[in-house]
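Student: sequence? don't have it. structure:
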């Protein structure tokens, strides 16, 4: 899906479910809201840089890893505002108990770092959403079933015991190359990062035999007050980048 189509559909990508489901338009996240996690220098770059003036920002593009798989395009900053705003709006709905489940269909950009774009991700809406949830919830569980490791989210909360990150992903010679079993968190966050590296071609039954016992134990021990799920569809069979063999079943 091209940038123009993304910007066309993005305003309609928030779904809230309580007694009755409803679609809602996300509010654009402000500069101040996005810098709750991202650096001001990085966000200023995303706000000002464009395909028309990229020659003025060559050094910054290298510094912030923009280019290659994270190119500049017209409307990039607006895209970041809407994607981030969607997850913030979802978190606010949950905090105010106006919904039991909230979905940002254009969220889940789990590779973005504090001052770096990565893997098609510019701003980390997940981290921003979790930070919002932490205002009202003592413990938040993050579960990532994307075929790629959720490195940006894990890194953001690697030293805290208030957020536990669990990632089921392809590991080895595969982007982003992180998510080893030995990566378990540090400081107060030690044992609050859990990585489950998986092999190519894993099927529904094999995946379920791993996922269920792992998550059952995580829920028992961590007892989260809120759960955030990154439901990456590239784990499904037929995905051009993903080597898993999962189905919608």
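Tutor: Now that the structure is in, tell me what you want to look at. Note that the coordinates shown come from a computational prediction; the quantities given were computed from them, not determined experimentally.

Student: drop to CA atoms for contacts and neighbour counts, all remaining ones
Tutor: OK.

Student: any idea how far the helix or strand encompassing residue 209 is from the chain center?
Tutor: Using DSSP states H and E, the element containing residue 209 is helix 204-222. Here helix 204-222 is found 21 Å from its chain centre; the criterion is Cα atoms, centre = their mean, to the nearest Å.

Student: what lines up beside the longest strand along the chain in the sheet?
Tutor: Using DSSP state E, we find that the single longest strand of the chain is strand 163-170. According to DSSP bridges, strand 163-170 forms sheet pairs with strand 140-144 (parallel), strand 193-198 (parallel).

Student: Can you give the contact residues for it?
Tutor: The contact list for strand 163-170, computed with Cα atoms under 8 Å, 6 or more residues apart in numbering, reads 139-150, 153-154, 157, 179, 192-200, 222, 243-244.

Student: thinking again about what came up before, now mean pLDDT too, for the strands paired with strand 163-170, in TSV please.
Tutor: TSV is the format used below for the strands paired with strand 163-170 (pLDDT from 0 to 100):
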stretch	mean pLDDT
strand 140-144	98
strand 193-198	98
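
Student: For those, give me TSV that also has mean neighbour count and distance to residue 98.
Tutor: Listed next are the strands paired with strand 163-170 as TSV, based on neighbours: other Cα atoms under 10 Å; distance: least, Cα to Cα, whole Å:
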stretch	mean neighbour count	distance to residue 98
strand 140-144	22	18
strand 193-198	20	30
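
Student: any chance of the ones you listed in a markdown table, plus distance to residue 209?
Tutor: Formatted as a markdown table, those follow (distance: least, Cα to Cα, whole Å):
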| stretch | distance to residue 209 |
| --- | --- |
| strand 140-144 | 16 |
| strand 193-198 | 12 |
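
Student: Which one, of these, ends up nearest to residue 68?
Tutor: Between residue 68 and the strands paired with strand 163-170, the tightest spacing by Cα to Cα is seen for strand 140-144, at 24.6 Å.

Student: Not counting the closest one itself, show me its contacts.
Tutor: With Cα under 8 Å, 6+ apart as the criterion, strand 140-144 contacts 130, 133-134, 150, 162-168, 222, 224-232.

Student: what angle do it and helix 204-222 make?
Tutor: 170 degrees (axes from the mean of the first three to the mean of the last three Cα atoms, to 10 degrees).

Student: Now the element after strand 140-144, going C-ward?
Tutor: helix 151-156.

Student: contacting residues for residue 47?
Tutor: By Cα under 8 Å, 6+ apart, residue 47 lies in contact with 76, 77.

Student: make that residue 151, sorry
Tutor: 110, 111, 176, 178, 179.

Student: sec struct for the third one, please.
Tutor: To tie it back to what came earlier, the one meant is residue 176. Following DSSP: H, G, I helix; E, B strand; the rest coil, the label given to residue 176 is coil.
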